[in-house]
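Colleague: Build the 3D model from these lines:
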Amino acid sequence: MKFACVIPARYASTRLPGKPLADIAGKPMIERVFDQVKLAIKPEMVIIATDDQRVYTTAEQFGGTVVMTNPNHPTGTDRLAEVAEQYTDIDVIINVQGDEPLIDAAIIDQLASLFDEDPTLQMATVATPLLEEEYDEPSAVKVICNNRGDAMYFSRSLIPFPRHDFVKAPLKHIGIYAYKRDFLLDYAKMTPTAAEQTESLEQLRALENGHTIRVIITDKRFVGVDTPEDLVRVNKIFAQKENK
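Modeller: Numbering: from 1, shown residues only. Predicted coordinates:
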């Protein structure tokens with residue numbers, strides 16, 4: 001199978017305007033994400049998908065493959081599908097968010113390997129153990145899986161509800177996805193579903209339409225950049241790494 005990583009990099013951000021170009025230890029964030037993704041072995045291509053000329057120009061300057069996409073896409077899935085339409089020879093597309101400068105390349109390779117192991121697989125994602133302080137945090141999306149490792153439901157509420165002590169540690173969803181290309185194109189055309197709109201979680205559209213989402217579990221902790229405070233924290237992490 002031929003794998004590609006796509007990094008959506010939308011310029012507008014309510015909490016951190018111009019986020020893809022935010023400086024992280026001397027490099028724009030989109031370059032930091034690109035550098036990390038390039039460490040993965042299985043993807044043959046890494047593509048940056050943006051809606052802004054400034055991001056496009058920056059990506060070209062550091063040698064990235066970049067695609068200009070429609071700025072009016074209602075969801076990230078639609079932006080990803082626009083890129084998928086242009087690359088007809090790709091079998092599986094792995095979506096790495098453009099605000100994950102500390103993404104672990106090994107996770108990308110693990111996701112890709114799922115499709116080699118199970119050619120019928122259509123979609124996969126990642127979860128990590130939920131911290132107790134995240135139990136009541138709506139931005140920490142929770143996922144519950146069946147015994148096959150497939151997602152049963154995603155929610156901003158704590159699931160399962162702990163009427164008794166947890167038998168298994170609850171899981172936090174990490175927004176890294178892998179899709180068969182053909183499934184992604186179909187998925188983007190599906191009508192938004194009831195739970196998806198209620199929870200504001202796109203992945204529920206796949207479950208509500210009866211599709212399977214395989215979940216791999218990692219003990220890695222990810223530090224996404226959503227706020228100026230996150231940016232300060234990530235800068236400190238990179239400064240420590242580069243001063244070693």
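
Colleague: Check which residues of stretch 138-155 are buried.
Modeller: The neighbour-count check on stretch 138-155 (16 or more other CB atoms under 10 Å) flags 140-145, 150-151, 153-155 as buried. Heads up, the C-betas are built off the backbone N, CA and C, glycines and all.

Colleague: can these go into CSV with extra columns for pLDDT and secondary structure?
Modeller: Formatted as CSV, those follow (pLDDT from 0 to 100; DSSP: H, G, I helix; E, B strand; the rest coil):
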residue, pLDDT, secondary structure
Ala140, 90, coil
Val141, 94, coil
Lys142, 97, strand
Val143, 98, strand
Ile144, 98, strand
Cys145, 97, strand
Asp150, 98, strand
Ala151, 98, strand
Tyr153, 98, strand
Phe154, 98, strand
Ser155, 98, strand
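
Colleague: Any regions of this protein where pLDDT drops low?
Modeller: 242-244 (pLDDT under 70).

Colleague: Identify the residue nearest the geometric centre of it.
Modeller: Computing the C-alpha centroid of the chain and ranking residues by CA atoms, centre = their mean puts Ile176 first, at 2.7 Å.

Colleague: Quick check: the gap between Pro43 and Gln110.
Modeller: Using CB to CB, to the nearest Å, we find Pro43 at a distance of 12 Å from Gln110.

Colleague: Next: Thr65.
Modeller: To Gln110, Thr65 is 23 Å away according to CB to CB.

Colleague: Just want to know which of those two has more residues nearby.
Modeller: Comparing Thr65 with Gln110 by other CB atoms under 10 Å, the one with more neighbours is Gln110, at 17 against 14.

Colleague: before we move on, back to that, out of the buried residues of stretch 138-155, which is nearest to Glu117?
Modeller: Asp150 (14.0 Å; CB to CB).

Colleague: The closest one contacts Ile213, correct?
Modeller: Yes - the pair Asp150 and Ile213 qualifies as a contact (CB atoms under 8 Å) at a distance of 6.4 Å.
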